[in-house]
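Participant: Next come a sequence and a model predicted from it.
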Amino acid sequence: MKFRLAAALITFALARDCLCLLEERFISFEPIAPTAAHLSITNSPILLSQDDFVGVHIASNSLASDLYQITGVLRQVRRGHSANITSQWTGNGTTIPSAIIAGSLNSSLIRNLSSLRLLDTSDLQGKWETFKTTIVQKPLPGIERALVIAGSDKRGTIFGIHTLAEQAGQSPYHWFADVPARKHAQIHALPKITVHGEPSVKYRGLFINDEEPALNTWWARYHNATRYPLNTEFYAHVFDLLLRLKANYLWPAMWKSFTPPPGNIFFTDDPGNQQLADDYGIVISTAHHEPMQRASNEWDDTKLGPWDWSKNKANITTFMEDGIARAGNNESYITVGLRGLGDSAATSNLTNALEMLKDVFAVQRGIIKKYYGSETGVNQVWALYKEVASYYDAGLDPPEDVTLLFPDDNWGNVYRLPSGNEETDRKGGTGVYFHFEYVGLPRSYKWGNTNNLAKVLKELMHAYLRGATRIWIVNVGDIKPMELPLGFSMDLAWNVSNFSFERIPEYLEAYATREFGPDHAEDIASILLEHSHLVGMRRYELVTPATFSQLNYLEAERVVARWQGLADRAAALYAHIDAELKPAFFQLVYHPVVSGALYYNVTVGVGTNYRFALERRNSANQVAHQVLADFESAYDLVEEWDALSDGKWTNMMSQAVYDAVEEPKRWAGPSRDIVSNLSFVQLRQDMQFSLGNLGIRAEGSTSATEQGRWAESVDASMPTTGYAPVLPSMDRYGPSIRHVDLFMRGNHRVPLHWALDPVPVDWLSITPSSGTLSRETHSDQRLNVTIDWSKVPAGFNNTVLVGIRSTPAWYPYFDQIRIPVRNFVVEATSGTFPETGGFVSIEAPHFQSSSAMAAGPNNPHFQVFPYLGSRSESGSIALRPFKAARASKVDAVAIWVSYGIALVAPADHLEATVYINSGLDTDPRLKMEFSLTLDDSPVNFTRVLGNYIKNPNAGDIPPEWMDHVADNVWTKQVSFGAAAAGAHELVWRVNSPEVYLEKIVLDIRGGSVKPSYLGPPETFRFP
């Protein structure tokens, strides 16, 4: 009972403290009953073996500094062995109450504790990067008790040390995001044993890439230089960050440069870089096109000749051998194979490429044998990137000890995964190369974090479930501003079992708590979750003024409003957060959100301005000026960033992003921000008198645009007929409010007074009913149209005309707002989607019935994945359990969900659009298929993607890829025949657990579904 009470008290006390991002805690900040069981380590010295790894000593020194920042207490770091490490105290008869002992399994201190049976190390034996924590009584002479952190190996110990620092209050981003240590007067070790590890993925790390113009320029400015090498000073911060994130693997910076040439070279920019990595405990590899521990920038073709195996094999061989010789005994993961310089194919001929690579592998293996004693003497990896994947598909297979590294498509869709035992069981294993940023086709994206966490989780979880667990390497560009997705992916790679889609909010709250404390953590997590959803719709650089519909479903307006609302929330928190937290909050929350909102305000604002100008609105000019103001505010953010932390991060976020989509070389990033294509109206000029100065724009109607060009002899007005303001049809199952905008489109010096005629029916309301438009108040007025359906006559199916008049006018102004109303009542069961406006829109998680309802949760069934989806607010659905759903295609295709729909009248032809979360055919034996059928029609399985085609710059890609990968969904059309009025079922099936449905939109009345990027929002569903 006492133990249960203590555990409950511990849980309560830790509830508002850092969850250490879902890691089990072993410290607290106040004594918790029973007090005697706890161990205060507030003043404890840190003890470690003199014979332990260099990296353990580096981490212990960091821990002492971390704890000093947290508690304000200086502490000793003592090195020695069991016989003399406590002599400082035992020599004068002193006993200290506590210590922190850290060591790897084979260090003398840990061996001594184990031999005395004070520490059980059986759960560490033979383990990879595992550590345990426990309190040991009288571990050494002169010490009453100690918190012991024992690691199975070098990095296991280092991870344990850094985990103590993190749980005590030091963020992994203490340097890279200026997160201050959280102050605590006391730190107590909990009376428990914890074991952490083994990691889910063996090698986990990042690729610093595309370093221009941000990272290189920032580092040079940091040293008051025009160019400064990425040296041991820089990489010490990188290694520290990696280890605090429990990562162990690095592809170092390597981008080519002409100012000055040749660009970054990890191995020679500072000869100490490679040794420092080994000291810290970081495994160094090289990028997919840099074989044998050589940077591509080291190749000088003016001295060495062409990078062409068929013409210059000897020089290339010597070049590669020099890299292996230089690596020495430093822990390395050797990239093998051969690609062209500058991320290109070594040859365009497939047959030649296969024969060449067979020879390359043989030569490389010979070099490795020479320096490591055998061909398998060091870890090796072959990256199947771009064209290289086609070589593997054509049958080229390296020795089985070589790791196969499967890439994504540069856009967060994993290209290929192990598909059979011959791949999952290979000695070298398989891994994944994943992008958080990219420079290349169809357009570069690297300015901001545009990675949806749920999508990242989906793709990397597939990799884990399919056995690609040897290496996860993520391309993070400049590291900043990818802190959140980087940490998320590394935490996932460390312990997959901590993660699920449902726990994403919990993860974000733990992240916010760690960085900013518990007071605002829930609000910050909510902001970050919404930000993740919004950036998941489309990456910034691919958003144009025309992306979101200005006409239909208020789409552009809704998206901008969500961004602005999010920015307002972030700004409100920024104003109230503690001053010492502001630099970190600015970098991790405020800037990502506010800069994103401003980007949308500017880019979508250009589209709004253009529509307003076509409608001849006076407010077009206001929108144009607001776009320019937001454009300036965006650069204010750049300057605010540059001034942050006394200029520490100057130029890190100065990269241009605002662009004109029609510029040449569209794939490359802009070199300077521009705003283009703003439109203005002549504010002193009146509208053509036959139309009048009062404009009317009914939601979804093009009438106001059509009136931008007018011929009196053809186009009737007062009231307009051919291009009249007509609202979308209103029924009881559609939106409860429709909107009509009134606006000035004439001399802005003359106010316009307007008034509606009496509404001819008592069940329809339009508010306001009169008012004045002027430049002094507002030149636009939104009217809200609502209906009291309890009063509408049964079967009403007509258009209500509401007159509107304005003064002054050259010709008596009169027009009519047209409101089509259909009053029908559908009798339907719970969960049914009734037709509204001639269509239904269904979010995938809202299925009505499922074959799994009787089958049970352990059999294959459709599962809801919250937060996964850019076209759905409720998530996606896919088959689970994952492995069971892959085990038998026969069983998988038998599983279904159905969506009830109700048609109010017979339909001649139904057309469905399905929105499938983007992904690629990762298994050539199980290509993604779906079936959507109506009622009891036979299944009709269709490929999600077409047969792959070759692209010289992107590798083998599906035909949909170039035009639609940026959409983050695949949209597929399904045609049905005629359907009778009444209830029907849409039945969904898939053949693979990697097909995730987001939304189904059914066009019932031919053309009722209007063009839009996101598709119509979900329509009414019977409760």
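Facilitator: On my side now, so go ahead.
Participant: Residue 587: what's it in contact with?
Facilitator: Counting by CB atoms under 8 Å, 6 or more residues apart in numbering, residue 587 touches 177-178, 480-481, 483, 641, 644, 649. Just so you know, the C-beta spots here come from the backbone N, C-alpha and C atoms, and that holds for glycine as well.
Participant: before we move on, what about residue 546?
Facilitator: Contacts of residue 546 (CB under 8 Å, 6+ apart): residue 607.
Participant: and it, helix, strand or coil?
Facilitator: Look at residue 546: counting by DSSP: H, G, I helix; E, B strand; the rest coil, its state is coil.
Participant: Distance check, it against residue 695.
Facilitator: For residue 546, the distance to residue 695 equals 22 Å [CB to CB, to the nearest Å].
Participant: May I have the predicted confidence score for the residue positioned nearest the centre of the chain?
Facilitator: Compute the mean C-alpha point of the chain, and by CA atoms, centre = their mean the closest residue is residue 451, 1.9 Å away. Listed pLDDT for residue 451 reads 98.
Participant: Just the pLDDT for residue 296.
Facilitator: 95.
Participant: cool, residue 265 as well?
Facilitator: So residue 265 comes in at 96 (pLDDT).
Participant: what's the neighbour count on it?
Facilitator: Using other CB atoms under 10 Å, residue 265 has 19 other residues around it.
Participant: ok, it to residue 305 distance?
Facilitator: 19 Å.
Participant: And for residue 771?
Facilitator: 79 Å.
Participant: How about residue 524?
Facilitator: Applying CB to CB to residue 524 and residue 305 gives a distance of 56 Å.
Participant: same question, residue 166
Facilitator: For residue 166 relative to residue 305 (CB to CB), the value is 50 Å.
Participant: Equivalent analysis for residue 634, please.
Facilitator: Distance from residue 634 to residue 305, by CB to CB: 47 Å.
Participant: Contacts only, for the residue nearest to residue 731 when sequence neighbours are not counted.
Facilitator: Leaving aside its chain neighbours, residue 731 sits nearest to residue 822 (4.7 Å; criterion: CB to CB, 6 or more residues apart in numbering). Contact analysis of residue 822 by CB under 8 Å, 6+ apart lists 729-731, 796-797, 904.
Participant: Just the buried ones from those?
Facilitator: Buried by 16 or more other CB atoms under 10 Å: 729-731, 904, out of these.
Participant: TSV please, covering these and showing pLDDT.
Facilitator: Listed next are the buried ones among the contacts of residue 822 as TSV, based on pLDDT from 0 to 100:
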residue	pLDDT
729	97
730	98
731	98
904	96
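Participant: got a markdown table for those residues, with secondary structure and distance to residue 153 too?
Facilitator: Shown next, in a markdown table, are the buried ones among the contacts of residue 822 (DSSP: H, G, I helix; E, B strand; the rest coil; distance: CB to CB, whole Å):
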| residue | secondary structure | distance to residue 153 |
| --- | --- | --- |
| 729 | coil | 69 |
| 730 | strand | 68 |
| 731 | coil | 67 |
| 904 | coil | 69 |
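Participant: of all those, which two lie farthest apart?
Facilitator: 730 and 904 (13.7 Å; CB to CB).
Participant: Would you state the helices of the stretch 101-250 of the chain in chain order?
Facilitator: In the stretch 101-250 of the chain, the segments counted as helices under DSSP state H, counting those that start in this stretch are 108-115, 154-168, 215-222, 232-244.
Participant: thinking again about what came up before, how much space separates the residue nearest to residue 731 from residue 640?
Facilitator: Residue 822 is 53 Å from residue 640, by CB to CB.
Participant: Contact partners for the residue lying closest to the residue nearest to the centre of the chain once chain neighbours are set aside?
Facilitator: Counting by CB to CB, 6+ apart, the nearest residue to residue 451 once its immediate chain neighbours are dropped is residue 485, at 4.3 Å. By CB under 8 Å, 6+ apart, residue 485 lies in contact with 436, 449, 451, 453, 456, 474, 476.
Participant: Drop anything exposed from those.
Facilitator: For those, buried by 16+ other CB under 10 Å: 436, 449, 451, 453, 456, 474, 476.
Participant: quick one: which of the residues you listed sit in strands?
Facilitator: Among these, the ones falling in strands (DSSP state E) are 474, 476.
Participant: Next, give me the two most distant ones among the buried ones among the contacts of residue 485.
Facilitator: Farthest pair in the buried ones among the contacts of residue 485, by CB to CB: 453 and 476, 14.7 Å.
Participant: I'd guessed residue 767 sits against residue 783; true?
Facilitator: Yes - contact criterion CB atoms under 8 Å: residue 767 and residue 783 qualify, at 6.8 Å.
Participant: more neighbours, the two?
Facilitator: Under the criterion of other CB under 10 Å, the comparison of residue 767 against residue 783 puts residue 783 first, with 21 against 10.
Participant: and the residue lying closest to the more buried one once chain neighbours are set aside, which of the three is it?
Facilitator: Excluding the flanking residues, the one nearest residue 783 by CB to CB, 6+ apart is residue 740, at 4.3 Å. Per three-state DSSP, the local secondary structure of residue 740 is strand.
Participant: give the contact list for residue 740.
Facilitator: Contacts of residue 740 (CB under 8 Å, 6+ apart): 696-699, 725, 727, 766, 782-783, 785, 817.
Participant: Kindly recompute the last result at 6 Å.
Facilitator: Neighbouring residues of residue 740 by CB atoms under 6 Å, 6 or more residues apart in numbering: 698, 783, 817.
Participant: Next, give phi and psi for the last one.
Facilitator: Spelled out, it's residue 817. phi -90, psi 130 (degrees, to the nearest 10).
Participant: which SS class is the spatially closest residue to it that is not a sequence neighbour?
Facilitator: Once flanking residues are discounted, residue 817 sits nearest to residue 802: 4.7 Å by CB to CB, 6+ apart. Classification of residue 802 using three-state DSSP returns strand.
Participant: re earlier: could you redo the contacts of residue 822 as CSV and give each row distance to residue 831?
Facilitator: Output for these, formatted as CSV (distance: CB to CB, whole Å):
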residue, distance to residue 831
729, 24
730, 24
731, 19
796, 27
797, 27
904, 18
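Participant: Closest one of these to residue 962?
Facilitator: Nearest member of the contacts of residue 822 to residue 962, counting by CB to CB, is residue 729, at 37.4 Å.
Participant: List the residues that contact the closest one.
Facilitator: 820, 822, 837.
Participant: Not counting sequence-adjacent ones, nearest residue to it?
Facilitator: Closest to residue 729 by CB to CB, 6+ apart is residue 820, at 4.2 Å.
Participant: same thing with residue 488?
Facilitator: Residue 488 sits nearest to residue 453 (CB to CB, 6+ apart), 5.7 Å away.
Participant: thought the one you found was touching residue 531?
Facilitator: No - counting by CB atoms under 6 Å, residue 453 sits too far from residue 531 to count as a contact (9.6 Å).
Participant: Got the phi and psi for residue 930?
Facilitator: The phi/psi pair for residue 930 (degrees, to the nearest 10) is phi -140, psi 160.
Participant: Cool, thanks, talk later.
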